[in-house]
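Peer 1: next comes the sequence, and after it the predicted model I'd like to discuss.
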Amino acid sequence: MAKRKPAARGKAVKKRAAKAKVKKATKAKGKSATRAKAKKAKPTRSGKAAAAKARTPAAKRARPTEAAEPPTPRRMQNAIDAAREWLGERRDYFGYLARRDATRGAPELSRHLRGDLIAKQGPDGSWNDGDLAASAEALWRLLDLGLGSDSLAVSRALDWLYARRDAEGAYGSGCTPARHEQRTCEHFISGFFSPGPSDEPQEITLSNGQAVTSDISARLLASVRGLRSALRASPLDPRANASISGLRGLPLYLEYGGTFTPPVLVGALQALAWFQGGHTSELKAGLETLATAQDKDGVWPNVEFFFVLETLLEVNHPLAQRMRQRLIPRLLETQHKYGAWGRRHLAAQTWIAVQALERALDELRPGGR
């Protein structure tokens, strides 16, 4: 057998080495591509969550969070306790309201607050130099602090309020073709309290957080707040009849946000609630309008949530109760961790929320109202 020449053997070795090198490079390239593909396909954090969710049984995924839990009596009571604790640290009117039924020095605080309000009452019986809305609020607080219509401070406040009825600048005074057509001029309505001369633009911000910047709406809202306080102080006062007639004659109870802004409707219903136990056709019609405007989250457009809730607490009607019940989940979801509600009007809005939750608890108990 002939021997292979050395040169031939050298060429064969080189050929095999080159072939092996190409094979190794191809294999490495394949591994690199596989790793790159795997890296590209590696799930993100959200992808992992989605994959985990897909592997989780549906019943477990549907477990509600704290905010989505039903408004159980225990949750409601916990919310009330936290709010009362927060309010109870205050040495003001709302702190007194929260402590009124407790043995934490409320009588002493009440005497202090009464004295402060009476000291600030003007010689004419008003507060803040004749501010209608502020005077109505001060009168309301005196009633909460234990004074009655026979007290000098309350009597003077009532005299001042009724002296403002149909004064220059009261809602409805004067007439224009448009207002005459709408039946909102002095030829059709009267009895409203004037917050100031007609040439002084009016704005109003209530303690519950409702603000109104429209002059004509502010005049009307200030008037109905005054009437609300007057009716609570002395529901049988014959001087209220003209104001009640004017309020009932307004064409606003069948519409939400038409000629009148929603806060005006809410304020009118609040005042009517103190007349004859709230048994008027206008109050019922207005409540139906309000119920229709309530959205699925329980709130109303273009009006302060806590203003509506305050009104519903004062109205004794099944429609008001149903609307309040729809608000309970929202109240539980929006309470601050430290116990309060709201932002700029924390104390007032927190006290309104406490009353709403306590009323709801009463209604859940056997034989509840």
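Peer 2: Received it, and whenever you're ready, just let me know what you need.
Peer 1: need the contact list for residue 253.
Peer 2: 265, 268, 282, 283, 285, 286, 289 (CB atoms under 8 Å, 6 or more residues apart in numbering). The C-beta positions use only the backbone N, C-alpha and C, and glycine is treated the same way.
Peer 1: and which of those is nearest to residue 166?
Peer 2: Of all these, the one with the least separation from residue 166 (CB to CB) is residue 268, at 17.7 Å.
Peer 1: quick one, what contacts the closest one?
Peer 2: Per CB under 8 Å, 6+ apart, neighbours of residue 268: 224, 247, 250, 252, 253, 282, 286.
Peer 1: how about the helices in the stretch 1-150 of the chain?
Peer 2: According to DSSP state H, counting those that start in this stretch, the stretch 1-150 of the chain carries its helices in the segments 6-41, 45-55, 58-61, 73-88, 93-99, 106-120, 132-144.
Peer 1: so where's the protein uncertain?
Peer 2: Scanning the chain for pLDDT under 70 picks out the ranges 1-68, 103-105, 367-369.
Peer 1: kindly recompute the last result at 80.
Peer 2: 1-69, 101-105, 366-369 (pLDDT under 80).
Peer 1: now the most centrally placed residue in it. Nearest residue, chain neighbours left out?
Peer 2: Nearest to the geometric centre of the chain sits residue 305, at 2.6 Å (CA atoms, centre = their mean). If you skip the residues right next to it in sequence, residue 305 has residue 299 as its closest partner in space, 5.3 Å away by CB to CB, 6 or more residues apart in numbering.
Peer 1: which residue, other than its chain neighbours, is closest to residue 239?
Peer 2: Excluding its sequence neighbours, the residue lying closest to residue 239 (CB to CB, 6+ apart) is residue 162, at 4.6 Å.
Peer 1: the residue nearest to residue 305: neighbour count?
Peer 2: By the measure other CB atoms under 10 Å, the count of residues near residue 299 is 16.
Peer 1: same question for the one 3 residues further on.
Peer 2: Residues contacting residue 302 under the criterion other CB under 10 Å number 10.
Peer 1: show me what contacts it?
Peer 2: Shown here is residue 302, whose contacts under the criterion CB under 8 Å, 6+ apart are 257, 261, 262, 263.
Peer 1: if you rank those residues by neighbours, which is first?
Peer 2: Neighbour counts for these peak at residue 263, which has 26 neighbours (criterion: other CB under 10 Å).
Peer 1: distance check, residue 183 against residue 109.
Peer 2: Residue 183 sits at a distance of 47 Å from residue 109 (criterion: CB to CB, to the nearest Å).
Peer 1: give me the more crowded residue out of these two.
Peer 2: Neighbour tally, residue 183 and residue 109, criterion other CB under 10 Å: the higher count belongs to residue 109, 19 against 13.
Peer 1: the residue nearest to residue 305 is in what secondary structure piece?
Peer 2: Residue 299 belongs to no helix or strand when elements are defined using DSSP states H and E.
Peer 1: which ones are touching it?
Peer 2: When contacts are taken as CB under 8 Å, 6+ apart, residue 299 is in contact with 305, 308, 327, 330.
Peer 1: can you do 10 Å?
Peer 2: Residues near residue 299 by CB atoms under 10 Å, 6 or more residues apart in numbering: 293, 305, 308, 309, 326, 327, 330.
Peer 1: what is the nearest of those residues to residue 148?
Peer 2: Comparing the contacts of residue 299 against residue 148 with CB to CB places residue 309 closest, at 27.1 Å.
Peer 1: what about residue 81, how many neighbours?
Peer 2: Neighbour count for residue 81, taken as other CB under 10 Å: 12.
Peer 1: test my guess that residue 216 contacts residue 222.
Peer 2: No - the criterion here is CB atoms under 10 Å, and residue 216 misses it with residue 222 at 11.1 Å.
Peer 1: neighbour count winner among the two?
Peer 2: When neighbours are counted by other CB under 10 Å, residue 222 comes out ahead of the other of residue 216 and residue 222, with 30 against 17.
Peer 1: how about the helices of the stretch 251-369 of the chain, start to end?
Peer 2: Remark: helices assigned in the stretch 251-369 of the chain by DSSP H, counting those that start in this stretch are 262-272, 281-293, 305-314, 318-334, 346-364.
Peer 1: quick one: which of the ones you listed is nearest residue 74?
Peer 2: In this view, those are compared for proximity to residue 74 by CB to CB, and helix 346-364 is the closest at 10.3 Å.
Peer 1: what angle do helix 305-314 and the closest one make with each other?
Peer 2: Angle between the axes of helix 346-364 and helix 305-314 is 40 degrees (criterion: axes from the mean of the first three to the mean of the last three CA atoms, to 10 degrees).
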